[in-house]
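A.B. asks: Need coordinates for the below:
(2 chains)
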2 protein chains.
Amino acid sequence: MKKKTVIFISLLMSALLITACSNTGDGNNSSGNTAKTNGTTSKKGYQTTGKTEDSDYQGVIRNGKYKASKARGVGITQEADNMLNLQSFESGLTSLSKNQFSPKKYVFQEGQILSRSTVEDWLDRQSGDNPMGLNPKDNGEKDAKKRNPMYIQQIEEQDYMNDNDGKLSLGGITIGIGMNREDYYQKEQYGSTYTSKISKEEMTKQGRIAAAKVLARVRKEKGVSSDTPIMIALFEQAPNDSLVGGSFYASTVSKNGNEIGSWKDTNLSSYTFPATATKSVPNDNDETSFEGFQNKIKNFFPNLAGVTAQGQYKNKSLQGMKVNITTQFYSQTEITSFTQYVAQAARTYLPTGIPIDITVKSADGSVQSFLSRDDGSGDFYTHVFSSY
Amino acid sequence: MKKKTVIFISLLMSALLITACSNTGDGNNSSGNTAKTNGTTSKKGYQTTGKTEDSDYQGVIRNGKYKASKARGVGITQEADNMLNLQSFESGLTSLSKNQFSPKKYVFQEGQILSRSTVEDWLDRQSGDNPMGLNPKDNGEKDAKKRNPMYIQQIEEQDYMNDNDGKLSLGGITIGIGMNREDYYQKEQYGSTYTSKISKEEMTKQGRIAAAKVLARVRKEKGVSSDTPIMIALFEQAPNDSLVGGSFYASTVSKNGNEIGSWKDTNLSSYTFPATATKSVPNDNDETSFEGFQNKIKNFFPNLAGVTAQGQYKNKSLQGMKVNITTQFYSQTEITSFTQYVAQAARTYLPTGIPIDITVKSADGSVQSFLSRDDGSGDFYTHVFSSY
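C.D. replies: Numbering: from 1, shown residues only, chains lettered A, B, ... in the order given. Model (predicted):
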């Protein structure tokens, strides 16, 4: 899997280089004119994206361009099953960071400390060629239980910046580490995929070991001082066949040096609705609510609508839902009527007091409309996509 | 093209039948219990979808199911180039209807008068087998200029209902007729596609002839009385290679009998941004605004973003915009930052006082976020799609 990732990234990077070349001399609308061209922190040397909600971070723009991560693209594969983990990893990391680095005070910057090659080396196995690998040495075994599994699947850095009179300085760092419960591997190239299972205990242990190493290494990086707050958050990857991504299970903040701080459980986990034979949600009432909603929706048209949802829990308390509805539409008026009906049913049946997003897709996968309620019990915002 | 349509519809209908069969006996959550099962207008025999905006119609539900059109699915083909015409046709028809049948007073019902086979016969050529065909007889010619072109491409009925104490009665009908400016045909099955061009004058003339015939026929249908208001609207289909759908160019209301009423030009037309060498928008200021926006956006990431838009004009005045942005994202945080930045740029550069929708897609076509402002000059509503 690692190989595939790297090849794909290379392709992407080639595409970027081509784009970048063809783009030379193109009008750059930057208004940060007093800044040096190469991302210094001189006065007015940066702009921000603005924000549309108080609870969001502003992002950093330099010379009209977004300051992208130095490790941009690491971890992106074309395999759809991983995309869920990637999405929940990234939004989860931002959410956790908000507890430590308030969006009111800090500006968000994509990770600028760890480069792509650094992160790739860390994610690989330790070996003669790669002493920095966080994953254990290859012991030569092919058997799922005898081989050394890959414990660490992804690493991401996020930087939180202080703004002093237009000068940006590093205010804090968050590092997310994605831990496998199932490590997929091939015994031979292009061969069948086998799975090494990793127990919860082993994952927890290996996560802490990796966190300590990462902390010590990040502390030594240029621009990081001994008292820069560094948050480290550990994420349990969902299996590849899961319909919901994984969750961050623990975090800690190092305020100084290599002192790792105490680990705090997040008690977060994600579930799918409706319940399956093997997995049900922590609170039966939520399942009942969802099923009432589902029954109300699915027979609206002569053809059945598919209704599923993802829910995030903190212990037994539902924190939010993402509902997906798929059906076959025959006209724009059907989409409008259906959306109104869904809004009515959602208001009646779905749990109140939590953020709920509902996406309505046609059978070919294109988004037709969507509904959203931040929290409370009032009306849903609705939007039907249309064109002239 | 007609053949393809019919075959595709048949496939859809087979799928529907299979779904319908597998669905027998399934729990139907209808609360319209006092209604007869087959769509009567007895008291409480129907429900509505509810509405989320005052300017929208409520739709009709019977026994927990949406009252779908009797001609459901006519005109749907899998060819993407036609989908734009279909979308603009349907939303345009609803918009025009609002002028005549206020959403405050009327409830929307999908067309129940014209059946699928009726509409299909009307859309076909006149022939011995099909005396009702609105398109001219096949004159045997294959040459683009000598053959009789197909003038009429699509027909849709919408019903507007009065609600008297829970009893629905027909309050008005809108019929949209889609007229070709280019008729695509094959000289032999699976052969190359040729085009017969139709002048604006010929389209206008043929549209009025068809409207008169359709009016007379609809008046005779069961349930339509001599004084039911019937609005007829004529739509100019956009060419298949257009990046924007066609527009309704004229409408009339018949208040009684076969009196067609006077035709009113809508002066509506749709354009794409940025302007091309062959087609520019009616108002240069709008083009300048759009290009300012486009320049601000396209260099945000190292890879270029594609920025296009559709605009609807009434004479030289812009009525609304649908902006489409496509770019390659590498993380959820990039999507969030980009969306905030787009909101800021849209507020600065795009015209004020008109509804604007902006959809942000990744290179693979999936919707990542969207922004919308109903009118005015304030902030955009933004939504970033995410999952747990």
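A.B. asks: and residue A:185, that's in a helix?
C.D. replies: No: secondary structure of residue A:185 (DSSP: H, G, I helix; E, B strand; the rest coil): strand, not part of a helix.
A.B. asks: At the contact with chain B, which residues of the stretch 151-300 of chain A appear?
C.D. replies: A:156, A:158, A:244, A:245, A:247, A:270, A:295, A:296, A:299, A:300 (CB under 8 Å from any CB of the partner chain). All C-beta spots, glycine's among them, are computed from the backbone N, C-alpha and C.
A.B. asks: Please enumerate the strands of the stretch 201-350 of chain A.
C.D. replies: A:230-236, A:247-254, A:264-265, A:268-273, A:306-314, A:317-327 (DSSP state E, counting those that start in this stretch).
A.B. asks: what's the pLDDT at whatever residue of the stretch 51-200 of chain A ends up closest to chain B?
C.D. replies: Nearest to chain B in the stretch 51-200 of chain A, going by CB to the nearest CB, is residue A:59, at a distance of 3.3 Å. Turning to residue A:59, the model gives it a pLDDT of 93.
A.B. asks: swap in the one 4 residues further on?
C.D. replies: If you check residue A:63, the pLDDT there is 84.
A.B. asks: how near is residue A:274 to residue B:272?
C.D. replies: Separation of residue A:274 from residue B:272 (CB to CB, to the nearest Å) stands at 43 Å.
A.B. asks: more neighbours, the two?
C.D. replies: residue B:272 (18 against 13; other CB atoms under 10 Å in any protein chain shown).
A.B. asks: Return the residues in contact with that one.
C.D. replies: By CB atoms under 8 Å, 6 or more residues apart in numbering or on different chains, the contact set of residue B:272 is B:242, B:243, B:244, B:279, B:308, B:309, B:310, B:311.
A.B. asks: In ChimeraX, how would I select the buried members of those residues?
C.D. replies: A single ChimeraX command is used to select the members of these judged buried by 16 or more other CB atoms under 10 Å in any protein chain shown:
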select /B:242,243,244,308,309,310,311
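A.B. asks: Give me the subset of the contacts of residue B:272 that also touch chain A.
C.D. replies: B:244, B:310, B:311.
A.B. asks: Including distance to residue A:347, could those go into a markdown table?
C.D. replies: Listed next are these as a markdown table, based on distance: CB to CB, whole Å:
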| residue | distance to residue A:347 |
| --- | --- |
| B:244 | 35 |
| B:310 | 32 |
| B:311 | 34 |
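A.B. asks: quick check, nearest of those residues to chain A?
C.D. replies: Out of these, the member with the shortest distance to chain A (by CB to the nearest CB) is residue B:310, at 4.2 Å.
A.B. asks: Bridged to the closest one, which residues?
C.D. replies: residue B:272, residue B:322 (DSSP bridges).
A.B. asks: tell me the contacts of it?
C.D. replies: A:387, A:388, B:243, B:244, B:270, B:271, B:272, B:273, B:321, B:322, B:324.
A.B. asks: again, only using 10 Å
C.D. replies: Counting by CB atoms under 10 Å, 6 or more residues apart in numbering or on different chains, residue B:310 makes contact with A:386-388, B:84, B:88, B:243-245, B:270-273, B:320-324, B:357.
A.B. asks: do the same with residue A:71
C.D. replies: Residues in contact with residue A:71 (CB under 10 Å, 6+ apart) are A:110-120, A:155-157, B:330-331.
A.B. asks: Poorly predicted segments of chain A, please.
C.D. replies: Flagging of chain A using pLDDT under 70 yields the residue ranges A:1-44, A:75-81.
A.B. asks: For it, list the residue farthest from the centre, please.
C.D. replies: residue A:302 (37.2 Å; CA atoms, centre = their mean).
A.B. asks: Look through the stretch 251-388 of chain A and state the residue closest to chain B.
C.D. replies: For the stretch 251-388 of chain A, CB to the nearest CB, closest residue to chain B: residue A:337, 3.3 Å.
A.B. asks: Just give the closest residue to that residue, not the sequence neighbours.
C.D. replies: Among residues not flanking residue A:337 along the chain, residue B:59 sits closest, at 3.3 Å (CB to CB, 6 or more residues apart in numbering or on different chains).
A.B. asks: Residue A:317: how many residues sit nearby?
C.D. replies: The number of residues near residue A:317, taken as other CB under 10 Å, comes to 12.
A.B. asks: surely it meets residue A:269?
C.D. replies: No: assessed by CB atoms under 10 Å, residue A:317 is found out of contact with residue A:269, at 11.3 Å.
A.B. asks: Show me the helices in chain A, by range?
C.D. replies: Secondary structure of chain A (DSSP state H): helices located at A:2-22, A:80-100, A:116-123, A:200-220, A:284-298, A:332-349.
A.B. asks: Tabulate the ones you listed (CSV), appending mean neighbour count and distance to residue A:371.
C.D. replies: Converted to CSV, the helices of chain A look like this (neighbours: other CB atoms under 10 Å in any protein chain shown; distance: least, CB to CB, whole Å):
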stretch, mean neighbour count, distance to residue A:371
helix A:2-22, 13, 34
helix A:80-100, 20, 19
helix A:116-123, 18, 37
helix A:200-220, 16, 36
helix A:284-298, 18, 12
helix A:332-349, 23, 6
